[in-house]
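**Student:** The sequence and its predicted three-dimensional model are supplied below.
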Amino acid sequence: MPEKDDQFVQQRLLAASVLSGLLVMGYFWYQSRNAPPPPEPQAIEQSVEQTSEQPQTPAPDAASGQAPSGDTAAEGETPAAPEAQRAAAEQIIVVETDTFIATFSNRGAVVTSWVLKNFQDSDGSPLNLVHAEGRQEFGAPFSLLRLGGAPIPELDKALFVVNDGPSHRTAPETLEFRFTDGSRRATKTFRFSQEGYLVDVSTTYFENGAAQPHLIAWPGGFGDTGHQQDWMFSKTFYQEPSDESIEFTEADDAEDTRITARGLYPFAGIEDHFFTAIFLPKAGEPITVETSAVEIAPAPGVESKETYAALAVGSEGRNEFQVYVGPKDVDELQKVRPSMRNVVDFGWFSFVAEPLFLFLRWVHDNVVANWGWSIIIVTVVINLALFPLKWKGSKSMKRMQQIQPLVAQINEKYKGLGMTDPRKQKQNEEVMELYSKYKVNPVGGCLPMVLQLPFFYGFYKVLTLAIEMRHAHWLWVSDLSQPETLAIRILPLTMMATQFWMQSLTPTPSVDPAQARIMKFMPLMMGFIFYQFSAGLVLYWLTGNLVGVAQQVLLNKLPGEELDIAQDLKRTKKRSK
């Protein structure tokens, strides 16, 4: 670039800043479809292993001459041959609390539906977190498995005896399921409170009087399967005891191998985009967490199948857990345990995302009770706060424009030099001296854009993960957490138009044709990327563009400082002769 080296620093930094922003946005778009696998959990008071998809050999029973590592003594009984105890027919029992309705079948003593009363699916019906097709194909929630994922033969088909009561029960309530067939005995107990999303769950399983280690499973898909691309957010997780960080396992990571982790984890669970089921063991009790993958059609009538995570969790014999089944709502999670709020993973820039979320929620609760208008208000406030920096950058750009004749003369002086010529360093030094003399910051115009990137990332995480955005309406938009449902999406196209508008108003000293062509196509590239983003995120960027246009119109009207470059211009001309 022989004759444009005067703008080497400023042009490249400007282009690099814009391209970096696009790369970051493209990364978010790509990440939502191809998230990288989580790091290997560290072996701190735990052992982590991966087993093949084929289930492990079942735990040894009394016939092998080895006593399993259960807690038989803790049970205080070792029955020799209990009498058979099973129900005559299948029973359906419904338990209703203030927040959910759980439906059980005594066939396997499992959950057939778990409906959240305060949330609706895409059809407007109460939301069921149990995947109907997945339950039929892979098993129902709270079914029991051996360590390694092997099913316990016929137990999921056994007719358990349930404690007396009506078929529809209201919390507080306890369900007790019992089954024996002479050599095996299984119990499941569920205790419900009237309020909240917690359930106390305990299970036991004996063979020939010996307690068997076993897992409680949620095997057939979890969450709001009617939500667009919900399967992309399907994963399991557990909390590290040392630093309270959350280790996530994507469904795709377990497609070819069953992933097993064991440790003193405070909790483990399974999640989708906006909902979660979390198992909290007794304090100080090690648990085993197994993750597998299942292929399920994401919605009824859809032929193609997607990969969902499946969870199984258990301890050394008798399993006792508190189980949270509900929304990934920061307030609700904190009520159970403060560190559970980390399940809502705001990522690297949580120090930006969390304050943004709190501010956004405050505006919604105290200023305007609509999430779309709240996004607009917060965006305006952020852009006004950044305006002084933008003003300073604009003044630097105007100075840059005025000294272009001096820069051009330096370029002419060193015209024709190759990039490896030692005299190029002298040329760059003269340009930088010129910038210093006239107080021109070559990166000043890029600074406001660079500072917006953390806010963009923060908004991306908040508007993607905050359950408050789910089904949040704004004008014609029915769900701010999803892309627009119109055949032609208005928000991203309008955003692209405002990007062209703002670009036409922004002065730039660059006359490099190659750079000009790149800048001309930037709005098109951004429009393509944003077309797939949630409506809430596009609304944020569109609002920022409109505020930016108004600010740029104002800046263009403000008088700039007139630089006296005549003396330097004459001096440079004399030197060049």
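**Tutor:** Okay, I see it. Everything numeric here is computed off the predicted structure, so don't read it as measured data.
**Student:** Was I right to think Tyr251 contacts Ile296?
**Tutor:** Not quite, residue 251 is Ala, not Tyr. No. Under the criterion of CB atoms under 8 Å, Ala251 is not in contact with Ile296, lying 10.3 Å apart. C-betas here are computed from N, CA, C, even on glycine.
**Student:** May I ask which helix or strand encompasses Val323?
**Tutor:** Following DSSP states H and E, the helix or strand that holds Val323 is strand 319-327.
**Student:** Restrict that strand to CA atoms and write it as CSV.
**Tutor:** Written as CSV, here are the backbone C-alpha positions of strand 319-327 (Å, rounded to 0.1, in the frame of the first residue of the first chain):
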residue,chain,number,x,y,z
ASN,A,319,-30.8,-42.1,47.4
GLU,A,320,-32.1,-39.0,49.2
PHE,A,321,-32.4,-35.8,47.2
GLN,A,322,-34.2,-32.5,47.1
VAL,A,323,-35.2,-32.0,43.5
TYR,A,324,-36.0,-28.7,42.0
VAL,A,325,-38.1,-28.9,38.8
GLY,A,326,-38.9,-25.5,37.4
PRO,A,327,-37.7,-22.3,35.7
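**Student:** Skip ahead from that strand and say which helix or strand is next.
**Tutor:** Going down the chain from strand 319-327, the next helix or strand is helix 330-336, by DSSP H and E.
**Student:** Could you list every helix and strand in contact with whatever helix or strand comes next after that following helix?
**Tutor:** For helix 330-336, the following helix or strand on the C-terminal side (DSSP H and E) is helix 350-366. The helices and strands touching helix 350-366, judged by 3 or more CB pairs under 8 Å, 6 or more residues apart in numbering; DSSP states H and E, are helix 371-402, helix 447-465.
**Student:** Turn those helices into TSV, including distance to Leu311.
**Tutor:** Compiled in TSV, the helices and strands packed on helix 350-366 are given as follows (distance: least, CB to CB, whole Å):
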stretch	distance to Leu311
helix 371-402	31
helix 447-465	20
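**Student:** Nearest to Leu175 among the ones you listed would be which one?
**Tutor:** Between Leu175 and the helices and strands packed on helix 350-366, the shortest separation by CB to CB is 33.4 Å, and it involves helix 447-465.
**Student:** OK, contacts around the residue lying closest to Gly372 once chain neighbours are set aside?
**Tutor:** Using CB to CB, 6 or more residues apart in numbering and skipping the chain neighbours, the partner closest in space to Gly372 is Trp474 (2.4 Å). Taking CB atoms under 8 Å, 6 or more residues apart in numbering as the definition of contact, the neighbours of Trp474 are 370-373, 375, 480, 535, 539.
**Student:** can you list those residues in a markdown table and add pLDDT, neighbour count and distance to Gln334?
**Tutor:** Listed next are the contacts of Trp474 as a markdown table, based on pLDDT from 0 to 100; neighbours: other CB atoms under 10 Å; distance: CB to CB, whole Å:
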| residue | pLDDT | neighbour count | distance to Gln334 |
| --- | --- | --- | --- |
| Asn370 | 96 | 17 | 25 |
| Trp371 | 96 | 26 | 21 |
| Gly372 | 95 | 20 | 26 |
| Trp373 | 97 | 16 | 27 |
| Ile375 | 96 | 27 | 24 |
| Leu480 | 92 | 27 | 24 |
| Ala535 | 92 | 30 | 28 |
| Leu539 | 95 | 26 | 28 |
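**Student:** For Gly221, find the nearest of the helices and strands packed on helix 350-366.
**Tutor:** Among those, helix 447-465 sits nearest to Gly221 (CB to CB), with 20.2 Å.
**Student:** Which parts of this protein belong to which domain?
**Tutor:** Domain assignment of the chain by automatic domain parsing yields the ranges 2-16+355-571, 97-345.
**Student:** Name the stretch among those domains that sits most buried.
**Tutor:** When you average the neighbours per residue for each of the domains of the chain (mean count of other CB atoms under 10 Å), domain 97-345 leads with a mean of 20.
**Student:** how long is that one end to end?
**Tutor:** 28 Å (CA to CA, to the nearest Å).
**Student:** Can we start the residue count at 48 from this point?
**Tutor:** In the new numbering, first residue 48, that becomes domain 144-392.
**Student:** How far does stretch 519-526 sit from its chain's centre?
**Tutor:** With CA atoms, centre = their mean, to the nearest Å as the basis, the distance from the averaged C-alpha position of stretch 519-526 to the chain average is 21 Å.
**Student:** Now the terminal residues of it, how far apart.
**Tutor:** Terminal residues of stretch 519-526 lie 5 Å apart, using CA to CA.
**Student:** and it, average pLDDT?
**Tutor:** Here stretch 519-526 scores 92 as its mean pLDDT.
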